[in-house]
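Peer 1: sequence and predicted structure are below.
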Amino acid sequence: FITLDPERDTPQLLASYAQVVTSRSSAADVVSQLGLPDSPDAVRNQLSATVVPSTLLLSISAKDRDPVRAASIADAAARVFISKVGTFEEGKRDKVAPSVIDTATVPTTPVSPRPKVNLVIGVFLGLVLAGSLALLLEALDRSLNGPTQLAELAAAPILGIIPRLTPSARAPAAALENPH
């Protein structure tokens, strides 16, 4: 967390500062400071900065496969931000002086992926998709389901019904060995 001067800083300025944290030039400075093999754009995609509601605090976070590296990137981004604000404020009488309240902590559990949440979402979406498919197939079914439906569709009476043959009725009749 980074805190700013409450008498001078406005929500618009805080939103602008959040953009500074995730800018390409800030990401390039983070890459340089930490000696990362990643491109500034890759580091920029890992960074996020949000204004804490009803405060003058910015929360800087980073996502990475390695939790220690994520914390290092977030801390470096905070240092780069403080340096850039110092550059912006050069020559001003009432300078903004951001400072770090809390350094980044190494998370003990992964932020993503979340297998249990993903499983629940997958099961839910699968059920919705299966139900939608069943309703669609039912709506598109054009087969006749009995003689009354045929009579309604044809607007004519049914004169007769040919019964279905069962498997035993389809078998050939036994032939006599000697018919004479």
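Peer 2: Perfect, thanks for sending it.
Peer 1: what secondary structure does Ser48 sit in?
Peer 2: Three-state call for Ser48 (DSSP: H, G, I helix; E, B strand; the rest coil): strand.
Peer 1: is it true that Val85 touches Arg79?
Peer 2: No: the pair Val85 / Arg79 is not scored as a contact, 11.1 Å apart, by CB atoms under 8 Å. Any C-beta I mention is one placed from the backbone N, CA and C, and that applies to glycine too.
Peer 1: off-centre distance for stretch 85-97?
Peer 2: Offset of stretch 85-97 from its chain centre (CA atoms, centre = their mean, to the nearest Å): 39 Å.
Peer 1: may I have that stretch exported as CSV, CA atoms only?
Peer 2: Below are the C-alpha coordinates for stretch 85-97, written out as CSV (Å, rounded to 0.1, in the frame of the first residue of the first chain):
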residue,chain,number,x,y,z
VAL,A,85,6.1,10.7,-8.6
GLY,A,86,9.3,12.4,-7.3
THR,A,87,10.2,13.2,-10.8
PHE,A,88,6.7,14.6,-11.5
GLU,A,89,6.8,16.8,-8.4
GLU,A,90,10.2,18.4,-9.0
GLY,A,91,10.1,22.1,-8.7
LYS,A,92,6.7,22.2,-7.0
ARG,A,93,6.2,24.0,-3.7
ASP,A,94,3.7,21.5,-2.2
LYS,A,95,5.2,18.2,-3.3
VAL,A,96,3.3,14.9,-3.2
ALA,A,97,5.4,12.5,-1.2
